[in-house]
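Student: Build me a structure from this.
(2 chains)
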Amino acid sequence: MTARAWQVPQEVYRALAGVSAAAKKALDPTLTELVMVRASQLNHCAFCLDMHLDLARDHGETEGRLDLVAAWHDAGDRFSERERAALALTEGITVLTDGFVPDELYEQAAKHFDETQLAHLIAAITAINSWNRLMVARRTAPGETEWHS
Amino acid sequence: MTTNGNTVGENDEGQDGKEAPYAAEQAPRLHWAKAAPEVYKAMVKLEAAAGRGVDPVIHELVKIRASQLNHCAFCLDMHTKDALAAGESVERIVQLSAWEESQHFYTAKELAAIELTEAITVLTDGFVPDEVYAKAAAQFDATELGHLIAAITVINAWNRFGVTTRMTPGHYTPGMYK
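Tutor: Model (predicted):
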């Protein structure tokens, strides 16, 4: 399958990269990449999964944990409580059309992240959701190089 | 039947005790723009970049439909008021959540944009179907389509901030953020 004919406008691409960069600034890169992978799984973004699995490995993430991200909930102690709170929040914010972000889930995240970190985590989850939308709508293939420029 | 003159935020004990009071307003969970001001600034830039080149009438319809699907109360308050202030009709706003049965309220171009909005918003249920994409591509040229898809993506982002931090609806006045 080839990519669809439209392009992400250059100024949109840059502005969204700005949102991602601002969001990531306050977050640990290993945690950020877990969130990116999980959101991209839920949104079925092949390009984004390929990219963020690579970035996760670059930051030292193990294959064993990456294999289990999709089933983190029952993955025992493979993920820390803080990571589990972030992954649960990722799911709540990503699957928004099925409901709201439940109190319990939000409060769990607020226990592990202070207000500054939490605002940035929410922004990172929102940013990857935005990239997922653009790349799925364009049907961008994994590894398509123009998007790395 | 009694006339209820209450508006959100001005509700008291009702009229002569005959009407139950509205539920209490919920406080936001987090003032995210204060906690992450550089993210907020970047979002405002993104909004401007995406919206350039999108017809303003279509843009508001897209914003309202995405906000309905994502259940963003704050965004609905803002964008229905903005649409009305820009001259949009009440019936086109009301019919938007049932547009499949009220297609004669909208142009083919608007319908293609609304359908594309739904496909890009409800992403966790599947991909963006070829037929939905093809309808949009028949109505918008590649440049317009780039901005339309960006605009759909950006309202989805605002919806996520709004719902997650539980931004409070009811206090928006058109133009207050301009």
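
Student: count of neighbours near whichever residue of chain A sits closest to chain B?
Tutor: Nearest residue of chain A to chain B: residue A:119, at 3.5 Å (Cβ to the nearest Cβ). Where you see a C-beta, it was placed from the backbone N, CA and C, and this is true even at glycine. Residues near residue A:119, counting by other Cβ atoms under 10 Å in any protein chain shown, number 26.

Student: Before we move on, what's the pLDDT of it?
Tutor: For residue A:119, the model assigns a pLDDT of 98.

Student: which element is it on?
Tutor: helix A:115-138 (DSSP states H and E).

Student: May I have that helix as PDB, with CA atoms only?
Tutor: Extracted as PDB, the C-alpha positions of helix A:115-138 are listed here (Å, rounded to 0.1, in the frame of the first residue of the first chain):
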ATOM      1  CA  GLU A 115       1.300  18.700  38.500                       C
ATOM      2  CA  THR A 116       4.100  19.800  36.200                       C
ATOM      3  CA  GLN A 117       5.000  16.300  35.300                       C
ATOM      4  CA  LEU A 118       1.400  15.300  34.900                       C
ATOM      5  CA  ALA A 119       0.600  18.200  32.600                       C
ATOM      6  CA  HIS A 120       3.600  17.200  30.400                       C
ATOM      7  CA  LEU A 121       2.600  13.600  30.500                       C
ATOM      8  CA  ILE A 122      -0.900  14.500  29.300                       C
ATOM      9  CA  ALA A 123       0.600  16.600  26.600                       C
ATOM     10  CA  ALA A 124       2.900  13.800  25.500                       C
ATOM     11  CA  ILE A 125      -0.100  11.400  25.200                       C
ATOM     12  CA  THR A 126      -2.000  14.000  23.300                       C
ATOM     13  CA  ALA A 127       0.900  14.700  21.000                       C
ATOM     14  CA  ILE A 128       1.400  11.000  20.100                       C
ATOM     15  CA  ASN A 129      -2.400  10.800  19.500                       C
ATOM     16  CA  SER A 130      -2.000  13.700  17.100                       C
ATOM     17  CA  TRP A 131       0.900  12.000  15.200                       C
ATOM     18  CA  ASN A 132      -1.100   8.800  15.100                       C
ATOM     19  CA  ARG A 133      -4.000  10.600  13.500                       C
ATOM     20  CA  LEU A 134      -1.800  12.200  10.800                       C
ATOM     21  CA  MET A 135       0.100   9.100  10.000                       C
ATOM     22  CA  VAL A 136      -2.900   6.800   9.900                       C
ATOM     23  CA  ALA A 137      -4.900   9.300   7.800                       C
ATOM     24  CA  ARG A 138      -2.000   9.500   5.400                       C
END
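
Student: who touches the residue nearest the centre of chain A in this structure?
Tutor: In chain A, the C-alpha nearest the mean C-alpha coordinate belongs to residue A:36, at 2.0 Å (Cα atoms, centre = their mean). Contact analysis of residue A:36 by Cβ atoms under 8 Å, 6 or more residues apart in numbering or on different chains lists A:48, A:52, A:55-56, A:124, A:128.
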